[in-house]
Structures are given as structure tokens and as C-alpha cells.
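Enquirer: I need the structure of the sequence given here:
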Amino acid sequence: VDYFQGGSAGGGKPSPILEPEHASFFIVRAASQRDLAMSTVRTEWFVQRRHAERMNTAYHNGRKVMIFFMVSDSDHIQGAALMT
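Expert: Sure, this is the predicted structure:
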């Protein structure tokens, strides 16, 4: 997924496709690297109902929803997805 679009309008610098005023950003943490790997293989991520409701509400209200995936004991983003 190309997260940036460049061009002369942006002065030749990449500009983000997801403008904060039109998007919602979420961080989802897996308990372990094993859980992250299982979610990736299964192509599904399990989140608490209240978090899923917030993501769905933002999406159904026309906002772009960007999700960052992490492992709880890590300070690194393991992946990202744009909700479609």
C-alpha cells in the first residue's frame, strides 16, 4: 500500500494520504510474537469488543481507519493496515 503521494502540489515532498482530521489511528497489541504470527497466518485479529466498536464506528462515519500492530513487550510497530 502506498501511504504517500508526491507531486508538484506538495512541493515535490511526499504528503500523507491519511490526513489526521479525516482519519482515526489505532494501535493493536498482541500478547506475544506467537500471537502476532498466528493472527497474520489466520488473517484476522482479535480485539476487545469495545475497541472493535470504536474502530467500526469511525469507519462507518466515513473516516479512514489506520491500524498499527505491535507486540506488547516490543517498542516496534510490526505492521500496519488500512481498514477497508
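
Enquirer: low-confidence stretches in the chain?
Expert: Judged by pLDDT under 70, the chain has its weakly predicted residues at 1-18.

Enquirer: can you give me the helices for it?
Expert: 33-42, 49-60 (DSSP state H).

Enquirer: and these: which comes nearest Ser24?
Expert: Closest to Ser24 of the helices of the chain, according to CB to CB: helix 49-60, at 3.9 Å. Using the backbone N, CA and C atoms, a C-beta is placed for each residue, glycine as well.

Enquirer: give me the contacts around that closest one.
Expert: Contacts to helix 49-60, defined as CB atoms under 8 Å, 6 or more residues apart in numbering, come from residues 24, 26, 28, 47, 65, 67, 83.

Enquirer: among those residues, name the buried ones.
Expert: Among the contacts of helix 49-60, those classed as buried by neighbour count (16 or more other CB atoms under 10 Å) are 24, 26, 28, 65, 67.

Enquirer: so the last one touches Ala81, yeah?
Expert: Yes: taking CB atoms under 8 Å as the definition, Ile67 is a contact partner of Ala81 at 4.9 Å.

Enquirer: one step back: let's see which of the buried ones among the contacts of helix 49-60 end up in strands.
Expert: Within those, residues falling in strands by DSSP state E are 24, 26, 28, 65, 67.

Enquirer: spatially central residue in the chain, please.
Expert: Geometric centre of the chain, nearest residue: Ile67, 1.5 Å, by CA atoms, centre = their mean.

Enquirer: wait, what's in contact with it?
Expert: Ile67 sits in contact with 25-28, 45, 55, 80-83, where contact means CB under 8 Å, 6+ apart.

Enquirer: returning to what we had before: ok, which pair from the contacts of helix 49-60 is furthest apart?
Expert: Checking those with CB to CB, the most distant pair is Ser24 and Val47, at 14.0 Å.

Enquirer: quick one on the thing from earlier: in the sheet, who's paired with the residue nearest to the centre of the chain?
Expert: Counting by DSSP bridges, Ile67 is bridged to Phe26, Ala81.

Enquirer: just to revisit the earlier point, among the contacts of Ile67, who's most crowded?
Expert: In terms of neighbours by other CB atoms under 10 Å, the contacts of Ile67 top out with Val28 at 20 neighbours.
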